[in-house]
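# Just need the structure, nothing else, for what follows:
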Amino acid sequence: LVLAESARSCDNRHMTPAKLIAAKRDGHRLDDEEIAQLVVAYANGDVPDYQMAAMAMAIYFQGMDAAETVALTRAMLQSGKTLCWPGLDKSIVDKHSTGGIGDKVSIILAPALADCGMAVPMISGRGLGATGGTLDKLESISGFRTDLSITELQQVVDRVGCVITGASDEIAPADRSLYALRDVTATVPSIPLITASILSKKLAEGLDALVLDVKWGSGSFMKTLDRAKQLASSLVNTAQGLGVSARAVLTDMNQPLGKMVGNAVEVDECLDVLQGGGAADLVELTVDLGAQIVHLTQPSATLEQARSTIQQSISSGQALNKLEEMVSAQGGNLQAVRPRARQHVFQSTQNGTIQSMDSEQIGWAIIEMGGGRRKLGEAVDHSVGIEMQVRLGDEVRAGQPLMHVFCRNELWSPVQHLLAGTVTIGDDAVDVPPLIVEYVDAA
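Residues are numbered from 1 along each chain as shown. Here you go, the predicted structure:
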């Protein structure tokens, strides 16, 4: 304590990383300059990984208040480039999801928003744990590039109105290094660190507005609704603190979103929605998230008007045309056939009502089939996937299909083992949770 208090009394120029870590470890608040000093030094290679790992542990155990979280996010954002859009007379917008099983909304929503006159420079990611990544799904499209440079990204947005690509090395480099440390030090669940990681990349897009789909439940990162609410509040307040209009939507992930889980199969389901079909829950969430963005950028429009705007873009076929433009601009061929592995049927062994689903285990089954990665750099089999045949609350009978599973024959046995128990069937009536739980605005 004496050391920490002594460190606090020093001029910032003399606050060594060790003293800053000691101060945070002992529960003291760090100011903006102290946080920026540490992040800049880390990004420049002047702070070794073991010291930054110690700071991550200190933040994990002591937390950060709202101002500290804003400062950390700003410092990580400023460690790299922020996109500028001179002369672009459009609202720059994006959507971020905290990840879920079957979550493919971005592929539908980005072109719909572009068709509605907004610019969508969507920097997306790959699969994380059991959840699939938007980039992996899009790479099932023949020729589609997800490694655009910043210049190429801006050119596609200028020409088409939307882009979905991976982050270049120039975007929030401090986050890339810090995330790797968090992964090996068990500090990934820290809400301040999650917030800074997400927003340092998203706000680097030069946004006017951002909607955040924060999921809770068995197939999400946040297993409880309370933790999801905490994260949603942190994300919205931090984005607002950095000058970006934001709103969070708390959504249920206790069962897969839509019917398809995988890569190529999810792209196919997106096309189904854009052609006027698709699962009702997927359509509902896509339209609602889009409406929140329209409302943030056009406050005079009611939410019902905003929903109608997004729905019209989808039902008219204009959003599909815009997706085709984007895919072509990124080197892809949307018309090329996306192969599916052989279909197998996973059946119910009893009569009853679908009580619950272990959505995360369904995600791990996709990885077992090769549709995701156990470690960085592994190849992905885009042809595998699962088509859900039931929803929570459905009545089923023994022998009825619960899932259609697309996988290689030699993997069917271990996949069946993983899927056993993912769907719980019983005799009780089921109170199915709402898909959209609530909205979170800045405090």
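
# contacts, neighbours, all on C-alpha from now
Will do.

# Excluding sequence neighbours, find me the nearest residue to Gly393.
Counting by C-alpha to C-alpha, 6 or more residues apart in numbering, the nearest residue to Gly393 once its immediate chain neighbours are dropped is Ile354, at 5.0 Å.

# Quick check: beta-bridge partners of that neighbour?
Ile425 (DSSP bridges).

# Quick check: it touching Asp394?
Yes: the criterion here is C-alpha atoms under 8 Å, and Ile354 meets it with Asp394 at 5.4 Å.

# Between the two, which is the more surrounded one?
Residue environment comparison for Ile354 versus Asp394 gives the larger neighbour count to Ile354, 22 against 14, counting by other C-alpha atoms under 10 Å.

# Residue ranges in the stretch 101-250 of the chain under the pLDDT threshold?
128-129 (pLDDT under 70).

# Just the strands from it, written as ranges.
With DSSP state E, counting those that start in this stretch applied, the stretch 101-250 of the chain shows strands at 120-124, 162-166, 209-216, 245-252, listed in chain order.

# dump the residue contacts of the closest residue to Ser149 other than its chain neighbours.
The shortest distance from Ser149 to any residue other than its chain neighbours is 6.4 Å, reached at Ser168 (C-alpha to C-alpha, 6+ apart). Contact partners of Ser168, counting by C-alpha atoms under 8 Å, 6 or more residues apart in numbering, are Asp147, Leu148, Ser149, Ile150.

# Could you list the residues in contact with stretch 54-73?
Contacts of stretch 54-73 from elsewhere in the structure, counted by C-alpha under 8 Å, 6+ apart, are 21, 24-27, 29-32, 35-36, 39, 182, 185, 187, 189-193, 195-197, 199-200, 234, 237-239, 241-242.

# nope, stretch 31-39 is what I meant
With contact meaning C-alpha under 8 Å, 6+ apart, stretch 31-39 is reached by Asn12, Met15, Pro17, Leu20, Val47, Glu68, Ala71, Leu72, Ala75, Met76, Ser79, Ala174.

# Now, these that are in helices?
Secondary structure of these is defined by DSSP state H; positions in helices are Pro17, Leu20, Glu68, Ala71, Leu72, Ala75, Met76, Ala174.

# any chance of these in CSV, with distance to Ala110 and neighbour count too?
As requested, the ones in helices among the contacts of stretch 31-39 are arranged in CSV below (distance: C-alpha to C-alpha, whole Å; neighbours: other C-alpha atoms under 10 Å):
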residue, distance to Ala110, neighbour count
Pro17, 41, 22
Leu20, 41, 23
Glu68, 32, 19
Ala71, 29, 22
Leu72, 28, 29
Ala75, 28, 25
Met76, 26, 28
Ala174, 27, 25
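
# so what's the closest residue to Val105 other than its chain neighbours up against?
Once flanking residues are discounted, Val105 sits nearest to Thr286: 5.7 Å by C-alpha to C-alpha, 6+ apart. The contact partners of Thr286, by C-alpha under 8 Å, 6+ apart, come to Val105, Ile108, Leu109.

# mind checking which helix or strand Thr286 is in?
Assigned by DSSP states H and E, Thr286 belongs to helix 280-297.

# how far is that helix from where the chain is centred?
In terms of C-alpha atoms, centre = their mean, to the nearest Å, the centre of helix 280-297 is found 16 Å from the chain centre.

# Okay, buried residues for that helix please.
Judged by neighbour count (16 or more other C-alpha atoms under 10 Å), helix 280-297 contains these buried residues: 281-283, 285-297.

# From the residues you listed, pick the one nearest Lys215.
Within the buried residues of helix 280-297, distances to Lys215 taken as C-alpha to C-alpha reach their minimum at Leu285, with 11.7 Å.

# ok, now how distant is the closest one from Gly125?
In this structure, Leu285 and Gly125 are 20 Å apart, going by C-alpha to C-alpha, to the nearest Å.

# What's the mean pLDDT across stretch 46-56?
Within the predicted structure, the mean pLDDT of stretch 46-56 is 95.

# Which parts of the stretch 1-150 of the chain are helices?
Defined through DSSP state H, counting those that start in this stretch, the helices belonging to the stretch 1-150 of the chain, from first to last, are 2-9, 17-25, 32-43, 49-62, 66-77, 105-115, 134-138, 150-160.

# Would you mind getting the angle between the fifth one and helix 32-43?
Using axes from the mean of the first three to the mean of the last three C-alpha atoms, to 10 degrees, the inter-axis angle of helix 66-77 relative to helix 32-43 is 30 degrees.

# Can I get helix 66-77 as CSV, trimmed to CA atoms?
In CSV, the C-alpha atoms belonging to helix 66-77 read as follows (Å, rounded to 0.1, in the frame of the first residue of the first chain):
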residue,chain,number,x,y,z
ALA,A,66,-16.8,3.8,-16.5
ALA,A,67,-14.1,6.5,-17.0
GLU,A,68,-11.3,4.0,-16.9
THR,A,69,-13.0,1.8,-19.4
VAL,A,70,-13.4,4.7,-21.8
ALA,A,71,-9.8,5.7,-21.3
LEU,A,72,-8.6,2.1,-22.0
THR,A,73,-10.8,1.8,-25.1
ARG,A,74,-9.5,5.2,-26.4
ALA,A,75,-5.9,4.2,-25.9
MET,A,76,-6.3,0.9,-27.6
LEU,A,77,-8.2,2.6,-30.5
